[in-house]
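Peer 1: What follows is a predicted protein model with its sequence.
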Amino acid sequence: MKLQDVKTIYFDFDGTLNNSIKIYSPAFRKAYDFLVDNKKAEPREWKDDEISRWLGYTRIEMWDDFMKDLDESFKDRAGAIIGREMHNQLLSGSGCLYDNTAEVLQSLKKRDFKLVFLSNCSVRYMEAAVAAFNLDVYFDDLICSEMYDFIPKHEVLKIIKNNYPMNQVIVGDRFHDIEAGVKNEIYSVYCQYGYGEEKEGDMASAKIKDIREILTLV
């Protein structure tokens, strides 16, 4: 399958370019221990595949799904622990892009695609990712949900899409990415290797099992 005349590619980050469970799971466990210590949660063991369900969510979506009734002050404090730990791990070199990611981005850049980083993350985390992986070498623009008060990704895309040439495609591993494509009437590519369930990609224009497959789609 070929996506016709694509000129702009939006890339999600966690679960699409970044194998982020390696830094998210220890950060989540540290935040959960904080909640246990403050008697806001019961002690339990968390498996990586349980924790990964929230990768790709905004901060607001994550807490609404995970512990909706938790006091806002504790959501803020626990969320800050997660953000700080992930930020520190990225800067210390503990992060890991998926195999061949840099090469794919470089190839797309050489083919003159407009590349846009579009993630449901904080500015601080995005900046740490850029520093850790030299993402500014590949991306023409870097956008995260905090810049737009953590509104849904499809709303962010609606605001920004006219800044870039058509046709466009959004690449990601969660329903947020596919929903953004559908609601903005652009192509979407679902990354089956990421952290979403298979059904999250049902409405995608195409599905891939390896980041390198994007090179044959555009």
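Peer 2: Yes, it's here.
Peer 1: list the helices and strands the top helix by length along the chain packs on?
Peer 2: Assignment by DSSP state H gives helix 72-91 as the longest helix of the chain. Where contact means 3 or more Cβ pairs under 8 Å, 6 or more residues apart in numbering; DSSP states H and E, helix 72-91 is packed against helix 21-37, helix 59-66, helix 123-133. Where C-beta positions appear, they are placed from N, C-alpha and C, glycine not excepted.
Peer 1: Mean pLDDT lowest where, among those?
Peer 2: Mean pLDDT values for those show the minimum at helix 59-66, a mean of 89.
Peer 1: what does that helix contact?
Peer 2: Arg53, Trp54, Tyr57, Leu70, Lys75, Gly79, Asn120, Ser122, Phe150 (Cβ atoms under 8 Å, 6 or more residues apart in numbering).
Peer 1: and the residue nearest to the third one when sequence neighbours are not counted, what is it in contact with?
Peer 2: Excluding the flanking residues, the one nearest Tyr57 by Cβ to Cβ, 6 or more residues apart in numbering is Asn120, at 6.3 Å. Taking Cβ under 8 Å, 6+ apart as the criterion, Asn120 is in contact with Asp12, Gly56, Tyr57, Thr58, Glu61, Cys144, Ser145, Phe150, Lys153, His176.
Peer 1: Mind checking which of those residues land in helices?
Peer 2: Using DSSP H, those in helices are Glu61, Lys153, His176.
Peer 1: Tell me the buried residues in the helix or strand of the chain with the lowest mean pLDDT?
Peer 2: Counting by mean pLDDT, DSSP states H and E, the weakest-scoring helix or strand in the chain turns out to be helix 59-66, with a mean of 89. Going by neighbour count (16 or more other Cβ atoms under 10 Å), the buried part of helix 59-66 is Arg59, Ile60, Glu61, Met62, Trp63, Phe66.
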